[in-house]
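[1] no FASTA, just this:
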């Protein structure tokens, strides 16, 4: 898939597909490459661009409110998620987090309870180009925990480097985190509500995880004009809370 860009307009299309807008019609060539310039039948030029992470957030089909790029950046920065890491994720949703992790080379197993959401996430992983490293499973991770842990204990499955959760029952899964994570592995839990976040922190303490930290993610846009410079008055940009913890040994 490629983005066709003209000024502030962006359209996601695959080779061979047609674009129809008020600016004209064009068919994307099968051999299209990033950087190409394509013209509609009305003579309007669209520039071809490869998808990047922020483009995924803007253009993947959504089934709910996905994690914001700033939250994902904080998660990757605090956990050191990297190529080759094994990630267990619950609450796939649109799949934005899974796609970002897949694109940095992590191996992601993600669970989504809603079958329609899971199917949409699989289609999104195809658009993101990460189907080889992101496995979207339909189901509730809490129902799979016992079997997962048995396979880990039996040596049939490796433990995970990172456990990421965006679910209402995250606290219950946090209690099993030491059984799922490698020594030094990280837990990251996202929640829009402070009450849920407190439950997660308490569960992490009871599980004797270390380095427990919670951050509220707030970002302000700056506004520059002839009158002066200041933060944009649109709002403070709160999205939610991220809790991190670690299995040290």
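    Noted; the coordinates are in hand. Small disclaimer: the values here were computed from a predicted structure and weren't measured. Numbering: from 1, shown residues only.

[2] not counting its neighbours along the chain, what's nearest the most centrally placed residue in the chain?
    Taking CA atoms, centre = their mean, the centroid of the chain lies closest to residue 97, which sits 1.0 Å from it. Nearest non-adjacent residue to residue 97, counting by CB to CB, 6 or more residues apart in numbering: residue 67, 5.1 Å away. Glycine gets a C-beta too; all of them are placed from N, C-alpha and C.

[3] the one you found contacts residue 95, doesn't it?
    No. Counting by CB atoms under 8 Å, residue 67 does not reach residue 95; the two are 10.1 Å apart.

[4] between the two, who's got more neighbours?
    residue 95 (32 against 24; other CB atoms under 10 Å).

[5] helix or strand for the residue lying closest to that one once chain neighbours are set aside, just tell me which one.
    Computed as CB to CB, 6+ apart, the closest residue to residue 95 that is not its neighbour in sequence is residue 121, at 3.8 Å. Per DSSP states H and E, residue 121 falls inside helix 115-128.

[6] now residue 182
    With DSSP H and E as criterion, residue 182 is part of strand 181-191.

[7] in that strand, what counts as buried?
    181, 185, 186, 187, 188, 189, 190, 191 (16 or more other CB atoms under 10 Å).

[8] looking at the residues you listed, which is nearest residue 220?
    Nearest to residue 220 out of those is residue 190 (CB to CB; 20.2 Å).

[9] hang on, the closest one packs against residue 68?
    No. Judged on CB under 8 Å, residue 190 makes no contact with residue 68 at a distance of 9.8 Å.

[10] wait, what's in contact with the residue nearest to the centre of the chain?
    The neighbours of residue 97, taking CB atoms under 8 Å, 6 or more residues apart in numbering as the test, are 66, 67, 72, 75, 89, 164, 166.

[11] now with 10 Å, please.
    66-67, 71-72, 75-76, 87, 89, 91, 108, 110, 164, 166, 188, 190 (CB atoms under 10 Å, 6 or more residues apart in numbering).

[12] overlap of the contact sets of residue 190 and residue 68?
    By CB under 10 Å, 6+ apart, the residues touching both residue 190 and residue 68 are 74, 217, 239, 240.

[13] which of those are buried, as a ChimeraX select command?
    Of the shared contacts of residue 190 and residue 68, the buried ones can be selected in ChimeraX as follows, counting by 16+ other CB under 10 Å:
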select :74,217,239,240
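
[14] among the shared contacts of residue 190 and residue 68, which one lies nearest to residue 146?
    Ranked by distance to residue 146 (CB to CB), the shared contacts of residue 190 and residue 68 are led by residue 240 at 29.2 Å.

[15] how close does the closest residue to residue 46 other than its chain neighbours sit to residue 56?
    In this structure, residue 46 finds its nearest non-sequential neighbour in residue 4, 4.2 Å apart by CB to CB, 6+ apart. Taking CB to CB, to the nearest Å as the measure, residue 4 and residue 56 are separated by 16 Å.

[16] residue 238 too?
    From residue 238 to residue 56 the distance is 23 Å (CB to CB).

[17] now do residue 188
    Distance from residue 188 to residue 56, by CB to CB: 19 Å.
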